[in-house]
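Q: could you work out the structure for the sequence below:
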Amino acid sequence: MKKSIACLIVPMIAIFGMAVASQAATLDDAKALAEKAAAFVKANGKEKGLAEIGDPKGQFVKDDLYVVIQNTKGVCLANPMNPAMNGLDSLNLKDPTGKLFMQEMISIVEKTGSGWASYTWTNPATKKLQPKKVWVQKVEGTDLFTLCGVFQ
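A: Numbers count the residues shown, from 1 in each chain. Next comes the predicted model:
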């Protein structure tokens, strides 16, 4: 009896593990979510955009992805997973390697309007330092940009 139960449970655990692994966010997912958030802010205005992006149960939080909105002065305006960051100046924030990653993001937004930036940060799931790649997307006609990324 124990052997037959084990024969049923082991495959179920394997299937569950594959399902969880297949749900891991991709770079394309991060890019699409940041673009969607920028379009939402442009269409609905800053106030409504900040409220929606800052909502941890809103449409811009999906599984392990979430969008943050910053201005080009380096101020965080909405972070749904860490609202204590809202209003803080992160312009000179460095990653553990000394990289001024927010300045890189702002440079991308100001030069091309969008693109990938990379830095090292603590993964909240693993509590380990890991490389992270984020898509930054300018909100047209504003000094705002959205960002969304994945740990590599």
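
Q: which SSE is the residue lying closest to residue 99 once chain neighbours are set aside in?
A: Of all residues not flanking residue 99 in the chain, residue 119 sits nearest, at 5.4 Å (C-beta to C-beta, 6 or more residues apart in numbering). For the C-beta atoms, the positions are set from N, CA and C on the backbone; glycine is no exception. Using DSSP states H and E, residue 119 maps to strand 114-122.

Q: so which elements touch the helix or strand following that strand?
A: Next in sequence after strand 114-122, counting helices and strands by DSSP H and E, comes strand 129-138. Helices and strands touching strand 129-138, by 3 or more C-beta pairs under 8 Å, 6 or more residues apart in numbering; DSSP states H and E, are helix 27-44, helix 101-112, strand 114-122, strand 144-151.

Q: mind listing what's buried in strand 129-138?
A: By 16 or more other C-beta atoms under 10 Å, the buried positions in strand 129-138 come out as 132, 134, 135, 136, 137, 138.

Q: same question for stretch 56-71.
A: 58, 60, 61, 62, 65, 66, 67, 68, 69, 70, 71.

Q: out of the residues you listed, which is nearest to residue 49?
A: residue 69 (7.0 Å; C-beta to C-beta).

Q: look up how far residue 125 lies from the closest one.
A: For residue 69, the distance to residue 125 equals 23 Å [C-beta to C-beta, to the nearest Å].

Q: what's the span of stretch 35-51 from first residue to last?
A: Chord length of stretch 35-51, first to last residue, is 17 Å (C-alpha to C-alpha, to the nearest Å).

Q: next one: stretch 123-141
A: 33 Å.

Q: for stretch 93-102, same thing?
A: Start-to-end, stretch 93-102 (C-alpha to C-alpha) is 7 Å.

Q: numbering from 180 from now on, please.
A: In the new count, where the first residue is 180, that last one comes out as stretch 272-281.

Q: pull out the buried positions in it.
A: 272, 274, 279, 280, 281.

Q: what's the most distant pair in those residues?
A: Across the buried residues of stretch 272-281 (C-beta to C-beta), the longest gap, 9.8 Å, separates 274 and 281.

Q: so what sits against both of those two?
A: Listed as contacting both residue 274 and residue 281 by C-beta atoms under 8 Å, 6 or more residues apart in numbering is no residue at all.
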